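Enquirer: Got a predicted model here, sequence first, then my questions.
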Amino acid sequence: MKKYLNLSVVIFALIICKISEAQNVGITDKSGGITPASTLQVHKNATSGAVLQVTNTNTGETSADGLIINRQAGSFGIINQENDTINIGGSANSGSHLSIEPDGTLVMKGQSTVFNDLMVFPDATSKGSSNQPTWQSFKNNGESPKSSQGVFLWMFSPTEEQEVYFTIQIPHSYKVGTSIYPHVHWTTTTGTPSGTDVVWGLEYTVMKIGGNFGNTTLITSNTVITPIGKPTKTSQHLITAFPTISGDGIEISTILVCRLYRYVADANDTFGNSVGLLGFDIHYESDTQGSHTEYTK
């Protein structure tokens, strides 16, 4: 009895191994069939129309139900006939994927969002009649005895608080309610700063469309960002990041009215030379390419 039992086990194992060998399967309406080129190949013997339809109990099973992979002239399309969102990817991070909404809008979810720059260039700022920085030569072509005209920067004094003014509008790609991250790009023409001895200040008031602007908020920072570390030379491209601004109440087209200044009265501002403004920008999180309507996300 034991001998027959062992033989049965061997035969069963051989059958399982044979079944487990992968076989290509083809599904087609072509007369005579096809020779499938992959594990599962669906072939429609026509140049256009629905190639594959996916339905279940919830969707129904008529030609107007479910998800259709459609072939049109020159392109394939995925058509969601249920008016639902289509989610793509995200298996590595739960809740992180690209969504195609029923109207065709692309939305990045979870960790699939990206960051962009909202840039303010120095020549787009306003100085007005307050303490404006000095428009000063930064670099030329270095030829002697006659050099080029060169390029100029706004240079901020080490002894007097000087500022520039500007406004910023939050773009339509902004993920509503997320924090924004302001920072200033700057450099030097003389001396090498320590990385903590230049203090920048940002004064701002912010409000969404239809709201009322309140009193200003002042934030300061004296620390060059970690990826740069301690500055090592003159004329180095440096970045100082300000404290994060909360996204509470911020929507698309929100406006920030700003004053950017070197806070020389701060005890930490001990660098004895002028510093040049290269630019100011805000990093913001994007989850779409734009908004559904002109003024609403």
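Expert: Received it, and whenever you're ready, just let me know what you need. Numbering: from 1, shown residues only.

Enquirer: so where's the chain uncertain?
Expert: The chain contains residues with pLDDT under 70 at 1-22, 47-50, 91-92, 123-124, 126-129.

Enquirer: Which strand runs longest in it?
Expert: Ranked by number of residues, the top strand in the chain under DSSP state E is strand 275-286.

Enquirer: which parts of it are buried?
Expert: Val275, Gly276, Leu277, Leu278, Gly279, Phe280, Asp281, Ile282, Tyr284, Glu285, Ser286 (16 or more other C-beta atoms under 10 Å). Every C-beta, even on glycine, is put in place using the N, C-alpha and C of the backbone.

Enquirer: Which secondary structure elements does that strand sit against?
Expert: Applying 3 or more C-beta pairs under 8 Å, 6 or more residues apart in numbering; DSSP states H and E, one finds that strand 275-286 contacts strand 114-120, strand 151-156, strand 163-169, strand 181-188, strand 255-262.

Enquirer: repeat that for 6 Å
Expert: strand 114-120, strand 151-156, strand 181-188 (3 or more C-beta pairs under 6 Å, 6 or more residues apart in numbering; DSSP states H and E).

Enquirer: ranges for the helices of the chain?
Expert: Per DSSP state H, the chain carries helices over the ranges 2-20.

Enquirer: Now distance to Val224 too, for the buried residues of strand 275-286, in TSV please.
Expert: Shown next, in TSV, are the buried residues of strand 275-286 (distance: C-beta to C-beta, whole Å):
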residue	distance to Val224
Val275	12
Gly276	15
Leu277	15
Leu278	13
Gly279	15
Phe280	15
Asp281	16
Ile282	18
Tyr284	22
Glu285	23
Ser286	26
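
Enquirer: And the contacts of the longest strand of the chain?
Expert: For strand 275-286, the external contacting residues (C-beta atoms under 6 Å, 6 or more residues apart in numbering) are 113-122, 138, 153-156, 173-175, 178, 180-182, 184-188, 198, 260.

Enquirer: Only whichever of the residues you listed are buried, select them in PyMOL.
Expert: Buried residues within those, by 16+ other C-beta under 10 Å, are selected in PyMOL with:
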select buried, resi 118+120+122+138+153+154+155+156+173+174+175+178+180+181+182+184+185+186+187+188+198+260
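
Enquirer: one step back: with just CA atoms, put the longest strand of the chain into CSV.
Expert: These are the backbone C-alpha positions of strand 275-286, laid out as CSV (Å, rounded to 0.1, in the frame of the first residue of the first chain):
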residue,chain,number,x,y,z
VAL,A,275,25.8,91.1,0.2
GLY,A,276,24.2,90.9,-3.3
LEU,A,277,20.7,89.7,-4.0
LEU,A,278,20.6,87.0,-6.6
GLY,A,279,16.9,86.3,-6.3
PHE,A,280,14.0,85.3,-4.0
ASP,A,281,11.6,82.4,-4.5
ILE,A,282,9.1,80.2,-2.8
HIS,A,283,9.0,76.4,-3.1
TYR,A,284,5.5,75.2,-3.3
GLU,A,285,3.9,71.8,-3.7
SER,A,286,2.0,71.0,-6.9
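
Enquirer: Any figure for the gap between Trp154 and Thr134?
Expert: Counting by C-beta to C-beta, to the nearest Å, the gap from Trp154 to Thr134 is 7 Å.

Enquirer: Revised request: answer the last question for Asn80.
Expert: For Asn80 relative to Thr134 (C-beta to C-beta), the value is 60 Å.

Enquirer: Same question for Pro145.
Expert: 25 Å.

Enquirer: Looking at those two, which is more packed in?
Expert: Each of Pro145 and Thr134 had its neighbours counted (other C-beta atoms under 10 Å), and the higher figure belongs to Thr134 (13 against 4).

Enquirer: Is the more buried one in contact with Met155, as I believe?
Expert: Yes: using C-beta atoms under 6 Å, Thr134 is in contact with Met155, at 4.8 Å.

Enquirer: wait, doesn't Asp266 sit right on Val198?
Expert: No: between Asp266 and Val198 there is no contact under C-beta under 6 Å: 9.7 Å.

Enquirer: how much space between Pro145 and Met108?
Expert: 56 Å.

Enquirer: buried set for stretch 196-212?
Expert: Of the residues in stretch 196-212, those with enough neighbours to count as buried (16+ other C-beta under 10 Å) are Thr196, Asp197, Val198, Val199, Trp200, Gly201, Leu202, Glu203, Tyr204, Val206, Met207.

Enquirer: Give me the residues contacting it.
Expert: The list of residues contacting stretch 196-212 from outside it, by C-beta under 6 Å, 6+ apart, reads 182, 184, 213, 216-223, 240, 242, 251, 253-254, 256-261, 263, 266, 268-271, 275.

Enquirer: From start to finish, how long is it in a straight line?
Expert: In stretch 196-212, first residue to last residue: 36 Å (C-alpha to C-alpha, to the nearest Å).
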